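Novice: need coordinates for the following:
(one chain, ligands or ions: 1)
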Amino acid sequence: MKKVLLSGIVLLSVFFLFTGCEEQKAEEFKQAKHSAVKSKKEPKATFITIGTGGITGVYYPTGGAIAQIVNKKRDKYKIRCTVESTGGSVFNVNAILSGDLDFGIVQSDRQYQAINGLAEWSNKGYQKDLLSVFSIHPESVTIVAAVDANIKNIKDLKGKRVNIGNPGSGHRQNAIDALAAVGLDYNKDMDAEGIKASESAGLLQDGRIDAFFYTVGHPSGAIKEATAGKREVRFVNVTGIDTLLKEFPYYAKSFIPCKLYPGAKNDSDVDTFGVKATFVTSAKVPDSIVYTITKEVFENFEFFKSLHPAYAVLTKKSMLDGLSAPTYICFVPFLYVLVQSFYT
Ligand code: GLU
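Specialist: Numbering: from 1, shown residues only. Model prediction:
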């Protein structure tokens, strides 16, 4: 009897501790969000911002799709969701951790690296406040090259002018890894540029670069733009990367479906590797907000899927893959997704 009573007390204490923390977290979050608004009235809404990528990528419309679904219920939840175009995954992780963004879309490999204190985070260590919510569409490491530059395989990038991506992007490290896997050093073996992906198509069409890397879902506006210009372009095979796939658990084989880009000079799908786009947040964002967003996306799953062709392959179950950052503080949305996934 004593034991039962004791367990009850312990469980209740944990419950109150959790709800207490959650209330405090929500209050702090609200205060920070509304510190600029000097009004005696209760704040009418909580404003949240989702960090995405360049406007011709898939992250930007993805942030828009999530915001559209959540904002439909603005009267019910009092959440106003806005979307910001950013430099990409690395920028988003850092802005979420510093509190400048509330949510962001981040490549699964960068999520893994941030949470384990690797790559860009090697000096900062384990980024324990980063939390995963769900994963979204697959992304392929895509190399687009000018036909006149005679680049047919990744190895042919030697000696060429190549945009590997801006430092805040997720794809920059993928480019560096892919090049290293075939023995190329981006610093020595080519003229490497660090420009945003939204500018790559224009640079390629203007003859200022020979090729560019972009880790992105398909189809994407940026790749459509690059393959629809006057200068003929093709996708380049990324082969010789077996060791890379063995060494890095977050990379998987992938391909670029060429039929999505009729302007590209490829006859068949192109081999490469890829990651997943994931939706992440910070431990400082109240669970209730994370829960609401997750619930709305999953309850409107078919509508969400209809908002971009890159979501064609999505299932509720697949939206639990590729998450390495913990979901434990947000265990409620995670459980919600898990339960929902069994009904599809
Ligand atoms: N994967 C890219 C990055 O992390 C962004 C792709 C996109 O915007 O769709 O920088």
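
Novice: all strands for the stretch 151-300 of the chain, in order.
Specialist: With DSSP state E, counting those that start in this stretch as the criterion, the stretch 151-300 of the chain has strands at 161-163, 191-193, 211-216, 233-235, 252-256, 270-282.

Novice: what's the most buried one of those strands?
Specialist: strand 211-216 (a mean of 29; mean count of other Cβ atoms under 10 Å). In this view, the C-beta of every residue, glycine as well, is placed from N, C-alpha and C.

Novice: ok, the closest residue to Ser220 other than its chain neighbours - how many residues close by?
Specialist: Ranked by Cβ to Cβ, 6 or more residues apart in numbering and with sequence neighbours excluded, the top spatial neighbour of Ser220 is Val58, at 5.2 Å. Other residues near Val58 number 28, with proximity taken as other Cβ atoms under 10 Å.

Novice: restrict stretch 64-82 to CA atoms and write it as PDB.
Specialist: Below are the C-alpha coordinates for stretch 64-82, written out as PDB (Å, rounded to 0.1, in the frame of the first residue of the first chain):
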ATOM      1  CA  GLY A  64       4.700  28.600 -46.600                       C
ATOM      2  CA  ALA A  65       2.600  25.400 -46.700                       C
ATOM      3  CA  ILE A  66       3.000  24.900 -42.900                       C
ATOM      4  CA  ALA A  67       2.200  28.500 -42.200                       C
ATOM      5  CA  GLN A  68      -0.900  28.400 -44.400                       C
ATOM      6  CA  ILE A  69      -2.300  25.400 -42.600                       C
ATOM      7  CA  VAL A  70      -1.600  26.900 -39.100                       C
ATOM      8  CA  ASN A  71      -2.800  30.400 -39.900                       C
ATOM      9  CA  LYS A  72      -6.200  29.000 -41.100                       C
ATOM     10  CA  LYS A  73      -6.900  28.400 -37.500                       C
ATOM     11  CA  ARG A  74      -5.600  31.700 -36.200                       C
ATOM     12  CA  ASP A  75      -8.800  32.400 -34.300                       C
ATOM     13  CA  LYS A  76      -8.700  29.100 -32.500                       C
ATOM     14  CA  TYR A  77      -5.000  28.900 -31.600                       C
ATOM     15  CA  LYS A  78      -4.000  32.600 -31.600                       C
ATOM     16  CA  ILE A  79      -0.800  31.600 -33.400                       C
ATOM     17  CA  ARG A  80       0.500  33.700 -36.300                       C
ATOM     18  CA  CYS A  81       3.000  32.000 -38.400                       C
ATOM     19  CA  THR A  82       5.400  33.800 -40.800                       C
END
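
Novice: touching, the residue nearest to Ser220 and Val216? I think so.
Specialist: Yes - the criterion here is Cβ atoms under 8 Å, and Val58 meets it with Val216 at 5.9 Å.

Novice: overlap in contacts of these two?
Specialist: Glu139 (Cβ atoms under 8 Å, 6 or more residues apart in numbering).

Novice: with mean pLDDT and distance to the ligand as extra columns, can I get the strands of the stretch 151-300 of the chain in TSV?
Specialist: Listed next are the strands of the stretch 151-300 of the chain as TSV, based on pLDDT from 0 to 100; distance: least, Cβ to the nearest ligand atom, whole Å:
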stretch	mean pLDDT	distance to the ligand
strand 161-163	98	13
strand 191-193	98	15
strand 211-216	98	4
strand 233-235	98	16
strand 252-256	95	13
strand 270-282	96	7
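
Novice: show me the helices in the stretch 201-344 of the chain, by range?
Specialist: Taking DSSP state H, counting those that start in this stretch as the criterion, the stretch 201-344 of the chain contains helices spanning 221-227, 242-247, 287-299, 301-305, 331-341.

Novice: just name the most buried of these.
Specialist: Mean neighbour count (mean count of other Cβ under 10 Å) peaks for helix 221-227 among the helices of the stretch 201-344 of the chain, with a mean of 23.
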